[in-house]
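no sequence on hand, only this structure:
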């Protein structure tokens, strides 16, 4: 999956940064306005987010911009950054981890800091683990300090080639593009692009499409 990093960065540039009109560069951290646009985009990826959570989240990150910037660019302290991000109201493991991935993996491209990140567990990522690898990740709503969540993130680190689990995050792209959700009886519009899928050589799914 590591070799897909350049593609994913180019994809994210189009998916996020061009859409909200901010550069995919350190400039987006150094300018508060760009930082706030990225934060708002990330917060809005939460399904059915309540308006009060969105507004309180935006205010929280705006108020903590200086600290966020210092921890990210000066101290490079991922642990304190995680504490700051996950503490925001309405920000669970998925959105909090996504925010950190965007700033550290995609903008800074800092490999050592990326190694300390949690893989955001959304429905796509969880489905790929379950259907392609017969693994049962913790529920999306699990707290980051829950034993099941910490154990699973640790297991990912043990099974990553260079200790960097962030490449497992690309599973969400696989889940949206190559291995979409299919209801029993195939009565919806789900599909499998198995011949093109990035994990076709290691996928253990019993529902492969030719």
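Right, received. Where do you want to start? Here the structure is a predicted model, which means the values were calculated and not measured. Numbering: from 1, shown residues only.

what is the neighbour count of the closest residue to residue 23 other than its chain neighbours?
Computed as CB to CB, 6 or more residues apart in numbering, the closest residue to residue 23 that is not its neighbour in sequence is residue 17, at 6.6 Å. (C-beta placed from N, C-alpha, C; glycine too.) Residues near residue 17, counting by other CB atoms under 10 Å, number 22.

relative to residue 167, how far out is residue 17?
Distance from residue 17 to residue 167, counting by CB to CB, to the nearest Å: 20 Å.

pretty sure residue 204 contacts residue 132?
Yes: between residue 204 and residue 132 there is a contact under CB atoms under 8 Å: 6.1 Å.

those two: which has the busier surroundings?
residue 132 (22 against 11).

the more buried one sits in which helix or strand?
helix 123-133 (DSSP states H and E).

what packs against the lowest-mean-pLDDT helix or strand in the chain?
The helix or strand of the chain with the poorest confidence is helix 51-63; it has a mean of 87 (mean pLDDT, DSSP states H and E). Applying 3 or more CB pairs under 8 Å, 6 or more residues apart in numbering; DSSP states H and E, one finds that helix 51-63 makes contact with helix 32-43.

quick one: average confidence on the helix it packs on?
Averaged over helix 32-43, pLDDT sits at 94.

and if you look at stretch 184-199?
On average, stretch 184-199 scores 83.

what's next to that stretch, contact-wise?
1, 4, 128, 132, 170, 174, 177-183, 200, 203, 205, 207-210 (CB atoms under 8 Å, 6 or more residues apart in numbering).

now do the buried residues in it.
For stretch 184-199, a neighbour-count test (16 or more other CB atoms under 10 Å) marks 192, 194, 197-199 as buried.

distance to residue 90 and secondary structure added to these, as CSV?
What follows is those, written out as CSV (distance: CB to CB, whole Å; DSSP: H, G, I helix; E, B strand; the rest coil):
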residue, distance to residue 90, secondary structure
192, 34, strand
194, 37, coil
197, 34, coil
198, 32, coil
199, 32, coil
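
can you pick out the most distant pair from those residues?
Within these, 192 and 198 form the most distant pair, 12.9 Å apart (CB to CB).
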